[in-house]
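Q: Here is a sequence with its predicted model. Questions after.
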Amino acid sequence: MKNPYLPYPVRIEKTVIETEDRNIKSFKLVFLNDEDCKAFDYTPGQFAQLSVTGKGEIPIGIASSPTEGDHLLFTVNKMGVVTTALHNLVEGSIMGVRGPLGNSYPFDKMKGKDVTIIGGGYAFTTLRATIVYMLDEKNRADFGKITLIYGARTPGMLLYKDTLAEWSKRDDINYNVTVDRDAPGWTGMVGFVPAVTEQVAPSSKNAIAVICGPPVMIKYTLPVMIKLGFTPEQTITSLENRMKCGIGICGRCNVGAEYVCKDGPVFSMAQLKEMPQEY
Amino acid sequence: MEYMRLNKKNMAVFIEELGKICEVWGPVKDGGQVKFAPVSNVKDMDLDGFKNSTMSPKEIFFPQSEIMLSFQRSGEGANIYRDEQAQPSKKAIFGIRPCDARAFRILDTIFKNDQFTDNYWFSKRDATTLVGLGCSEPCSTCFCTSVNSHPFDEKGLDVLTSDLGEHYLFKALTKKGRDLLAGISVLREPSDANIEAHMALRKKAEDVMTVQFGTDKVKDKTVLELFNEDCWSGISEPCLNCSTCSYVCPTCHCFDIQDEVSKEGGERVRNWESCMSWIFTVHATGHNPRPTKKERVRQRFMHKFKYIPMKRNGEIGCVGCGRCVALCPVNIDIREVVKQMNS
């Protein structure tokens, strides 16, 4: 029987410092064993437990899309013991990945609909995966109009600058990337995500919105979504809580009767309305 | 035969013969506590006046600290985690109380869900035969009949034992139980009077254990209705967040996973943890979704009486063993808490 606690060994193929504060780093990982790679069958919105030997594990959203090939991408903010240890690993190091864990964004419901993706700060990792997945030539026809609204404090705090540059050139995504205030050399939009959302005004007709970001961004964006006609069922978000097992057993990440690790991390606002705010 | 009888004079032979089949565990005195431990002789067991073990026997399958994985720092396979599951020894445990066996059954549904199986729990559980002992004289802190059980509950046991004074009456409940008893030479077919005496004991114990609270309203109220009740501030007010309740509880199963290092490598270990602890839920950012004892105390009772039943066809996550009632240093009584939840 497969032991769900045993991480797959992976090698860090490449690291990229994403942001000007040098606190957010991306890790491109390759599996050491082909059978592990095959077993790791994931969908955007899922996460994995990253292991650094002697330090422990942390749950991190998967930033790559399965359409990009066999490697995995994780973008990690240096915050605690494990993330700091991870930041100190060099390319070529061996580490562990356990997953994929959790549910995913509801692609079955998103198919045939317009999709609005709203992200803020470094909560853009699984949203990146989602956009890459939807824009893939095999999948693009499954979705209607795709609208991106993504904001960061400054241009230097935006993640995945190369990928953003590629998307900005495409005509099959309504691209809106914004920074909080004007900055030298910045030619894009300026303004907070809620205001930009109001300005872009994506249609709620036959649409799904996925929103991830800091709590304050979500707090002020939700009223805008309601104004635009998005129902709680049409509005999707992803939660985070402290986790250990990641498989619905160790008992700490629950919000009401739902485990964020297994029943989530993706929930609709309709679901969250029935749940206590313990996140 | 479903029922077998053992003359207590032959208890020594019984334990000796069981010991030839597998490891035998029973209630043993350890300082001021009673715990389940390996026994080689009937005299090792503390059966006179035995009520129950001080700590729940969950530690047999879910030790307070357990090595899950290991790794080394150098050489071939450096920094790759390895599975450290040993083949557990076959055990028979004599004297497990029905409430604790029911707790194992609840934990079976927690350590296995629709996607994942925790084999650290199941490998030990599957290798063990539970020879339970019905409660002829329940304690004042017991309340199994209030949580859909009773002192001779058979669910979760392989064999149920009744103490008839001169004899033990065994009722084999599973194949595992029947197989175990089949290997014993000193068992005899019971008389009808023995079985009647067993039924009478059972009836007497049930009559003593009146239902102390209902859970119907807890079931009917929504999560948010219960969560937002006014009672939680008062209930949590005396709590010290000491976690005694979680550690002695047979259904509390929360754990932490930590890496422990040595010079050459290290181990990934799981340790019991408690929702009473502040660190249990704190995020790396410092944000804590359960910042005060009110949220933490509420979580423990909601988990047992609302969240577990919601996800498990109404099965309550408490078996009424009463250990938390007996051992809470500030006398928080779970029965009184549920009465408030159910008001």
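A: Thanks, I have it. Numbers count the residues shown, from 1 in each chain, chains lettered A, B, ... in the order given.
Q: Tell me the buried residues in stretch B:262-271?
A: B:265, B:266, B:267, B:268, B:269, B:270 (16 or more other Cβ atoms under 10 Å in any protein chain shown). (Each C-beta comes from the backbone N, C-alpha and C, glycine too.)
Q: Same question for stretch B:200-215.
A: So for stretch B:200-215, counting by 16+ other Cβ under 10 Å, buried means B:201, B:202, B:205, B:206, B:209, B:213, B:215.
Q: Stretch B:182-201 too?
A: Buried, per 16+ other Cβ under 10 Å, within stretch B:182-201: B:184, B:186, B:187, B:190, B:194, B:195, B:197, B:198, B:201.
Q: Looking at these, which are in strands?
A: With DSSP state E as the criterion, strands contain none of the buried residues of stretch B:182-201.
Q: With distance to residue A:274 as new columns, can those residues be given to me in TSV?
A: Shown next, in TSV, are the buried residues of stretch B:182-201 (distance: Cβ to Cβ, whole Å):
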residue	distance to residue A:274
B:184	54
B:186	59
B:187	55
B:190	54
B:194	54
B:195	50
B:197	52
B:198	47
B:201	46
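Q: need the contact list for residue A:264.
A: Going by Cβ atoms under 8 Å, 6 or more residues apart in numbering or on different chains, residue A:264 touches A:102, A:103, A:238, A:239, A:255, A:258.
Q: what's the answer for residue A:263, then?
A: For residue A:263, the contact set (Cβ under 8 Å, 6+ apart) comprises A:103, A:248.
Q: ok, the residue nearest to residue B:319 when sequence neighbours are not counted - contacts?
A: Nearest non-adjacent residue to residue B:319, counting by Cβ to Cβ, 6 or more residues apart in numbering or on different chains: residue B:99, 4.2 Å away. Applying Cβ under 8 Å, 6+ apart, we find residue B:99 in contact with B:52, B:135, B:142, B:144, B:149, B:153, B:250, B:319, B:320, B:321.
Q: Nearest residue to the middle of the chain?
A: You didn't say which chain, so I picked chain A. When chain A is reduced to its mean C-alpha position, the nearest residue by Cα atoms, centre = their mean turns out to be residue A:126, at 2.0 Å.
Q: Correction: the question concerned chain B.
A: Central residue of chain B (Cα atoms, centre = their mean): residue B:250, 3.2 Å from the mean position.
Q: what's the distance between that residue and residue B:91?
A: 17 Å (Cβ to Cβ, to the nearest Å).
Q: ok, now residue A:244?
A: From residue A:244 to residue B:91 the distance is 28 Å (Cβ to Cβ).
Q: what does residue A:25 give?
A: Taken as Cβ to Cβ, the span from residue A:25 to residue B:91 is 48 Å.
Q: likewise residue A:63?
A: 47 Å.
Q: the more surrounded of these two?
A: Using other Cβ atoms under 10 Å in any protein chain shown, the more surrounded residue of residue A:63 and residue B:91 is residue A:63, with 26 against 18.
Q: Count the neighbours of the nearest residue to the more buried one once chain neighbours are set aside for me.
A: Distances taken as Cβ to Cβ, 6+ apart place residue A:125 nearest to residue A:63, at 3.9 Å, with adjacent residues excluded. For residue A:125, the count of nearby residues is 27 (other Cβ under 10 Å).
Q: quick one on the thing from earlier: how confident is the prediction for the residue nearest to the centre of chain A, by pLDDT?
A: Here the pLDDT value assigned to residue A:126 is 97.
Q: Which residue, neighbours along the chain excluded, lies closest to it?
A: Distances taken as Cβ to Cβ, 6+ apart place residue A:61 nearest to residue A:126, at 4.0 Å, with adjacent residues excluded.
Q: Save the contacts of residue A:264 as JSON lines, and put in pLDDT too.
A: Output for the contacts of residue A:264, formatted as JSON lines (pLDDT from 0 to 100):
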{"residue": "A:102", "pLDDT": "98"}
{"residue": "A:103", "pLDDT": "97"}
{"residue": "A:238", "pLDDT": "96"}
{"residue": "A:239", "pLDDT": "95"}
{"residue": "A:255", "pLDDT": "97"}
{"residue": "A:258", "pLDDT": "97"}
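Q: Using the record's assignment, carve chain A into domains.
A: A:8-101, A:107-238 (automatic domain parsing).
Q: export those domains to JSON lines and tack on distance to residue B:172?
A: Converted to JSON lines, the domains of chain A look like this (distance: least, Cβ to Cβ, whole Å):
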{"stretch": "domain A:8-101", "distance to residue B:172": "41"}
{"stretch": "domain A:107-238", "distance to residue B:172": "49"}
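Q: Of all these, which one is nearest residue B:285?
A: Closest approach to residue B:285 among those is made by domain A:8-101 (6.6 Å; Cβ to Cβ).
Q: Span of the closest one from start to end?
A: 13 Å (Cα to Cα, to the nearest Å).
Q: returning to that earlier point: among the buried residues of stretch B:182-201, which one sits closest to chain A?
A: residue B:184 (32.3 Å; Cβ to the nearest Cβ).
Q: If you drop the residues flanking it in sequence, what lies closest to the closest one?
A: In this structure, residue B:184 finds its nearest non-sequential neighbour in residue B:17, 5.0 Å apart by Cβ to Cβ, 6+ apart.
Q: cool, residue B:280 as well?
A: Nearest to residue B:280 is residue A:252, by Cβ to Cβ, 6+ apart, at 5.4 Å.
Q: Can you check the pLDDT for residue 232?
A: Unless you meant another one, I'm taking chain A. Note on residue A:232: pLDDT of 97.
Q: not what I meant, chain B
A: 97.
Q: Can you tell me the element it falls in?
A: Residue B:232 belongs to helix B:231-236 when assigned by DSSP states H and E.
Q: check contacts around whichever residue of the stretch 51-200 of chain A sits closest to chain B.
A: Nearest residue of the stretch 51-200 of chain A to chain B (Cβ to the nearest Cβ) works out as residue A:80 at 3.7 Å. Contacts for residue A:80 (Cβ under 8 Å, 6+ apart) come out as A:58, B:284.
Q: again, but for residue A:214
A: Here residue A:214 is in contact with A:120, A:121, A:123 (Cβ under 8 Å, 6+ apart).
Q: now do residue A:98
A: A:4, A:5, A:6, A:7, A:8, A:48, A:49, A:51, A:57, A:246.
Q: Report pLDDT for the residue in the stretch 101-250 of chain B that chain A sits nearest to.
A: Going by Cβ to the nearest Cβ, chain A is nearest to residue B:116 of the stretch 101-250 of chain B, at 4.2 Å. pLDDT, residue B:116: 96.
Q: can you tell me how far it sits from residue B:110?
A: 11 Å.
Q: Quickly list what's touching both of the two.
A: Common neighbours of residue B:116 and residue B:110 (Cβ under 8 Å, 6+ apart) are residue A:249.
Q: Any regions of the chain where pLDDT drops low?
A: I'll assume chain A. Applying pLDDT under 70 to chain A flags residues A:1.
Q: Let me rephrase: I mean chain B.
A: Low-confidence segments of chain B (pLDDT under 70): B:1.
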